[in-house]
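> Below are the sequence and a predicted model; questions follow.
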Amino acid sequence: MALPVELRSVSQTWTYYQGEWRDGNTPILGPRTHGAWLGSMVFDGARAFEGVTPDLDLHLARVNHSAAVMLLEPSVTGDRWRELVADGLRRFARDAQLYIRPMYWAEEGIGGGVRFEPSSTNWCLTIYEAPMPAPRGGAVTLSPFRRPGAEVAPTGAKASCHYANGSRALFEAAKRGFDNCLMCDMLGNVAEFANSNAFLVKDGVVFTPAPNGTFLNGVTRQRVIGLLRADGVEVVETTLAYADFLGADEIFSTGNFQKVAPISRIDDRELKAGPIYKRARSLYWDFAHSRTPMRAAS
């Protein structure tokens, strides 16, 4: 049963929409908005934590790219996005842990509505409190659900329509006692976790699925690969089977919400947060804190 509206917990939220900042979780998508009804929404997510906003510009650029892939008309420049983010961050405590979410969607459809009108593209920027999860580890398994190819879904965009499949994969895994799951592409090769990119370690070498158009080549994924390679760790992007993960010495994930997180169990096999994972997380934290704080930059 869903909680009554008055009992739902919504963290502090500010949304810039139609020229003004709006306090709270104010609805901005009506019942006939194409983004709510037929899924033309694209978004991205950046992090502000411990006074830093790592790779913010890459996330802001990607939301515009995603909009273009979806045939929307992105109208906000990178400089304007960044200016709005800086303005929004000032509305929170300096040490707040925040999620930064720029979004585009279509308002109107043509005829029956399935084909939207690109010139009706609308947008907003939402910033809200979202504590960084502690890296406690989690149990994973193989999902029966798969990632689609570019022929059947707009896989080149960070689009809301992709996330329903990830959500049902997480629900199915949870029913079997797991926190997350690995999802394969249509050929049966591992693509990623249901909500993050996947890495394994074997004999000191890091392996990760090669981007093949079935999942997003994440900003944090690319950053961690670059940091590890610069630190002398061999990272191989290749085709991987579930059996490769079953035999791994370490498994970890990368994603914007939690950044770098360990996996502590795959099926019935226990794993430890190993030295390569710890190195990757440490390297990322050092990188993040070498960036100029967003408030200072503004």
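Great, that's in hand.

> contact partners of stretch 203-215?
By Cβ atoms under 8 Å, 6 or more residues apart in numbering, the residues outside stretch 203-215 that reach it are 147-150, 155-156, 185-186, 189-192, 197-201, 217, 221, 225, 228, 233-240, 244, 249, 276, 280. In this view, the C-beta of every residue, glycine as well, is placed from N, C-alpha and C.

> next one: stretch 270-277
Identification of contacts with stretch 270-277 by Cβ under 8 Å, 6+ apart yields 135, 137, 201, 204, 206, 228, 233, 248-252, 260, 262-265.

> List the buried residues in stretch 144-156.
Buried residues in stretch 144-156, counted by 16 or more other Cβ atoms under 10 Å: Phe145, Arg146, Arg147, Pro148, Ala153, Pro154, Thr155.

> now the helices for the stretch 101-250 of the chain?
163-175, 219-230, 242-246 (DSSP state H, counting those that start in this stretch).

> just for the stretch 1-150 of the chain, where's the confidence low?
Flagging of the stretch 1-150 of the chain using pLDDT under 70 yields the residue ranges 1-9.

> And the strands in it?
Taking DSSP state E, counting those that start in this stretch as the criterion, the stretch 1-150 of the chain carries its strands at 13-17, 20-23, 42-43, 46-48, 98-106, 109-110, 115-116, 121-129, 139-146.

> Out of the ones you listed, which is the most enclosed?
Greatest average neighbour count among the strands of the stretch 1-150 of the chain goes to strand 42-43 (a mean of 26), per mean count of other Cβ atoms under 10 Å.

> can you list contacts of that one?
Identification of contacts with strand 42-43 by Cβ under 8 Å, 6+ apart yields 63, 66-67, 69-70, 72, 101-105, 157-160.

> Distance-wise, check Gly113 relative to Gly35.
12 Å (Cβ to Cβ, to the nearest Å).

> repeat for Pro262
35 Å.

> Equivalent analysis for Val235, please.
Separation of Val235 from Gly35 (Cβ to Cβ): 37 Å.
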